[in-house]
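Q: coords please:
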Amino acid sequence: MAQGQFDVGVVYRDYGHVVLRRVLRFYSGSEAEEVVQEVFLKALERQDSFRGASSPVTWLYRVATNHCLNRLRDERRRRELLRAHAHDVPGARPRSHDPDARIFLASLWSQLDEEHAAVGTYYYVDGLTHDRIAELVGCSPRTVGNRLAAIRRLAESQGGLP
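A: Numbers count the residues shown, from 1 in each chain. Sure, this is the predicted structure:
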């Protein structure tokens, strides 16, 4: 995939399964398939934002994650999501197996901007490292730590994690 231009059919063929796996963390069944189509439409619309600095799969993973988070902006849907998808991601170490903690985190998401919500999801739900999160969101590991600290401060201001 060249910088700023790609053939959506080729990209879908090569990376559709990766996007579907990511979307399945947020949605199931036919809804997941619909969201995958939306992600590829979003990727097509934003293909100029792909600069080639990361791999196409990393860029698509980020587009998919951001799209799913945007669809989940309302707090009620996020609570359902975290209850339904509390299982492990292969290779990741979830930080909390406590359903109450996950529900509490879901309520925080409605108060966070897109980047903070993505960092929180990658860390608290997917269990990714600061370095991996930094790669996915395009910032430094230190910035990831700062974003997580801000999330923790917000959580503490609301009574802390259960």
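
Q: What helix or strand is Ala32 located in?
A: Using DSSP states H and E, Ala32 falls within helix 29-45.

Q: Which residues does that helix contact?
A: 8, 11-12, 16, 19-20, 23-24, 26-27, 59-60, 63-64, 67-68, 71 (C-beta atoms under 8 Å, 6 or more residues apart in numbering). For every residue, glycine as well, the C-beta is placed using N, CA and C.

Q: Can you flag which of the residues you listed belong to helices?
A: Secondary structure defined by DSSP state H assigns 8, 11-12, 16, 19-20, 23, 59-60, 63-64, 67-68, 71 of the contacts of helix 29-45 to helices.

Q: picking that back up, mind listing what's buried along the helix holding Ala32?
A: Neighbour counts over helix 29-45 (16 or more other C-beta atoms under 10 Å) mark 32, 35-36, 39-40, 42-43 as buried.

Q: Which pair in these has the greatest spatial separation?
A: Maximum pairwise distance in the buried residues of helix 29-45, criterion C-beta to C-beta, is 16.3 Å, between Ala32 and Ala43.

Q: tell me the domain boundaries of the chain?
A: 8-71, 75-157 (automatic domain parsing).

Q: and those domains as a markdown table, adding mean pLDDT?
A: Shown next, in a markdown table, are those (pLDDT from 0 to 100):
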| stretch | mean pLDDT |
| --- | --- |
| domain 8-71 | 87 |
| domain 75-157 | 73 |
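
Q: middle-most residue in the chain, spatially?
A: Nearest to the geometric centre of the chain sits Thr65, at 3.4 Å (C-alpha atoms, centre = their mean).

Q: and that one, what does it touch?
A: Listed by C-beta under 8 Å, 6+ apart, the contact set of Thr65 reads 22, 118, 121-122, 136.

Q: Name the residues of stretch 11-19 that are buried.
A: 11-12, 15, 19.
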